[in-house]
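>>> Predicted structure and sequence below. I'll ask about it afterward.
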Amino acid sequence: MTTKDRLTAVDCKNASSDGKKIKKLHDGQGLYLWVYADGKKYWRLRYKLFGQEKSISLGTYPATSLKQARQSAQAEREKLASNIDPSIDRKVIKQRAKQAAENSFEAVSREWYSKQLHTWVHSHAKDVIRRLEGNAFPYIGMHPISQIEAPELLNMIRIIENRGSYDLAHRVLQVCGQVFRYGVVTGRCSRDPAADLKGALTPHKKKNQAAVKPEELPELLRAIATYETTGNRQTQLALQLLTLTFVRTNELIGALWTEFDLDNALWIVPAERMKMRSEHVVPLPRRALEIIHELKTIAGNSRYLLPGRNPNKPISNNTLLFALYRLGYKGKMTGHGFRAVASTILNESGFNPDAIERQLAHCERNEIRSAYNRAQYMPERIRMMQWWDDYIQGLENGASVVPLFKKSS
């Protein structure tokens, strides 16, 4: 075929099927422009290898121009010169791309995340995926997990540190390390490069949540007792119940009436609402029961112990924290602080440390141990919670409360 017999840009633009279902316009060396009755146009390359005739697509016109189609055709002919079948080569490349996508850091991370999801509370799960999506995936997400090395990982961490987010940098690296270890056990990578970064991150001082000292607790309790004069009664009762039960704030805020067995003075928090995904039993002392009965009157028909303005939703996460702010304890006390001060006082008062830890729901993730620990030390925990109730009331009233046990010198 001579040059003048080859297609021109005008030929391609004006080509029609002339009433045929498909009209094939030859450009030379196996390259054709297929023109369909509906006006659509496709580039195809016909070739012969090992006595077998085949054809492959080179794109559509005009998205792929005549010049581009010729360049693509030439690249495929070069493969043929090395006895490489373009059709098979494409399938191999496509398969490799699919495997790379399935084994990318993001793909492995999401698979790991889905496996862990049932063991986490909703808030923690949101934190984990947010850290990955906002800080890891944009930089290493599409990279094959087996090819990510420590310098590449460090570069990603440095980007976080350059924002001054040193604590976040440590947390993101920790999550990435878990993903890499999952990749190792599932055969997608051979090692965890996050471990190589030990000592390379900018140190950060972990900030503990604010909590009053034991000797400052009486003043706080008396302040809470006056909260009704500046705030609402429900919030005041919630703070008092948090003091008496020292559960996590989100566990109190999300409490449902169905969780309470008031006849047996027990609050059973289901596993799906607990940080460690294990059912937690809270023995309810006398004053806690009184508070809960009053909260029931306030809650009305809401299914929540502490309904918000919309009775179908609980109060917000910040309600109790802002109440402490109003009492003058901003930066001095948080909802979590009640757990810290209770732990300190109960330990100093001689209670069994294991019973205290169980009551704080600091338990193992192991499902068998968790089932066993659900009611472990229960008689002592019931006695301890009532002692705590009496102790708190004594502090509120200004009495001098003597620890239940004396520590030997």
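Now that the structure is in, tell me what you want to look at.
>>> shaky segments in the stretch 101-250 of the chain?
The stretch 101-250 of the chain contains residues with pLDDT under 70 at 205-208.
>>> redo that, cut-off 90
The model of the stretch 101-250 of the chain has pLDDT under 90 over residues 101-103, 117-127, 163-168, 198-211, 228-231.
>>> Do you know the pLDDT at Thr3?
Looking at Thr3, its pLDDT stands at 55.
>>> make that Glu396, sorry
The model's pLDDT for Glu396 equals 88.
>>> cool, and the one 5 residues further on?
Predicted confidence (pLDDT) for Val401: 49.
>>> same question, Asn373
54.
>>> what do you get for the one 3 residues further on?
What the model reports for Gln376 is a pLDDT of 76.
>>> How about the secondary structure of it?
coil (DSSP: H, G, I helix; E, B strand; the rest coil).
>>> Next, count neighbours for it.
If you count neighbours by other C-beta atoms under 10 Å, Gln376 ends up with 15. No exception for glycine: its C-beta is placed from N, CA and C like everyone else's.
>>> from what I can see it touches Ile356, true?
No - with contact defined as C-beta atoms under 8 Å, Gln376 does not count as touching Ile356 (11.9 Å).
>>> domain assignment for this structure?
Listed domain ranges for the chain are 3-96, 105-197, 214-396 (source: automatic domain parsing).
>>> residues shared between the contacts of Gln376 and Ile356?
Here Gln376 and Ile356 have no joint contacts, going by C-beta atoms under 8 Å, 6 or more residues apart in numbering.
>>> can you list the domains of the chain in JSON lines and add distance to His204?
Compiled in JSON lines, the domains of the chain are given as follows (distance: least, C-beta to C-beta, whole Å):
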{"stretch": "domain 3-96", "distance to His204": "41"}
{"stretch": "domain 105-197", "distance to His204": "4"}
{"stretch": "domain 214-396", "distance to His204": "19"}
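>>> Tell me which of the ones you listed lies nearest to Pro203.
domain 105-197 (7.5 Å; C-beta to C-beta).
>>> what's the first-to-last distance across that closest one?
End-to-end distance for domain 105-197, by C-alpha to C-alpha, to the nearest Å: 18 Å.
>>> what do you get for stretch 271-278?
Stretch 271-278 end-to-end distance (C-alpha to C-alpha) = 4 Å.
>>> Which positions within it qualify as buried?
271, 273-278 (16 or more other C-beta atoms under 10 Å).
>>> could you redo those residues as TSV and give each row distance to Ser65 and secondary structure?
Output for the buried residues of stretch 271-278, formatted as TSV (distance: C-beta to C-beta, whole Å; DSSP: H, G, I helix; E, B strand; the rest coil):
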residue	distance to Ser65	secondary structure
Ala271	62	helix
Arg273	61	helix
Met274	62	coil
Lys275	60	coil
Met276	62	coil
Arg277	58	coil
Ser278	64	coil
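>>> Closest one to Gly59 out of these, please.
Closest to Gly59, out of all of the buried residues of stretch 271-278 and judged by C-beta to C-beta, is Arg277, at 51.8 Å.
>>> And the pLDDT for the closest one?
Looking at Arg277, its pLDDT reads 71.
>>> That one touches Ala271, doesn't it?
Yes - when contacts are counted by C-beta under 8 Å, Arg277 is listed as touching Ala271 (5.2 Å).
>>> Do you have the helices of the stretch 1-150 of the chain handy? List them.
9-14, 66-81, 86-102, 105-116, 122-135, 137-140, 150-161 (DSSP state H, counting those that start in this stretch).
>>> For Leu306, which of these is the nearest?
Taking C-beta to C-beta, helix 122-135 is the member of the helices of the stretch 1-150 of the chain nearest to Leu306, at 16.9 Å.
>>> quick one: buried residues of that closest one?
The neighbour-count check on helix 122-135 (16+ other C-beta under 10 Å) flags 128-129, 131-132, 135 as buried.
>>> Going by distance to Val341, which of those residues wins?
Val128 (29.2 Å).
>>> Now for the closest residue to the closest one other than its chain neighbours, which secondary structure element holds it?
Excluding the flanking residues, the one nearest Val128 by C-beta to C-beta, 6 or more residues apart in numbering is Val175, at 6.0 Å. Element membership for Val175, per DSSP states H and E: helix 166-185.
>>> in the helix or strand just after that helix, what counts as buried?
Later in the chain than helix 166-185, the nearest helix or strand by DSSP H and E is helix 217-225. Buried positions in helix 217-225, judged by neighbour count with 16+ other C-beta under 10 Å: 217-218, 220-221, 223-224.
>>> and what of stretch 238-256?
Buried residues in stretch 238-256, defined by neighbour count with 16+ other C-beta under 10 Å: 238-255.
>>> from the chain's centre, how far out does that stretch sit?
Computed by C-alpha atoms, centre = their mean, to the nearest Å, the chain-centroid distance of stretch 238-256 equals 24 Å.
>>> Repeat that for stretch 136-144.
The answer for stretch 136-144 is 17 Å, by C-alpha atoms, centre = their mean.
>>> what's next to it, contact-wise?
100-101, 103-106, 109, 148, 152-153, 155-156, 159, 172, 175-176.
>>> again, only this time at 7 Å
By C-beta atoms under 7 Å, 6 or more residues apart in numbering, the residues outside stretch 136-144 that reach it are 100, 103-106, 148, 152, 156, 159, 172, 176.
>>> Relative to Asp11, which of those is nearest.
Ala100 (39.5 Å).
>>> Could I get the phi/psi values of Phe246?
When quoted as degrees, to the nearest 10, the phi and psi of Phe246 stand at phi 40, psi 50.
>>> how much space between it and Ala323?
17 Å (C-beta to C-beta, to the nearest Å).
>>> just Trp120 next, same as before
From Trp120 across to Ala323, the span is 28 Å (C-beta to C-beta).
>>> What of Ala150?
Distance from Ala150 to Ala323, by C-beta to C-beta: 47 Å.
>>> which of those two has more neighbours?
Neighbours per residue (other C-beta under 10 Å) separate Ala150 from Ala323, with Ala323 holding more: 20 against 15.
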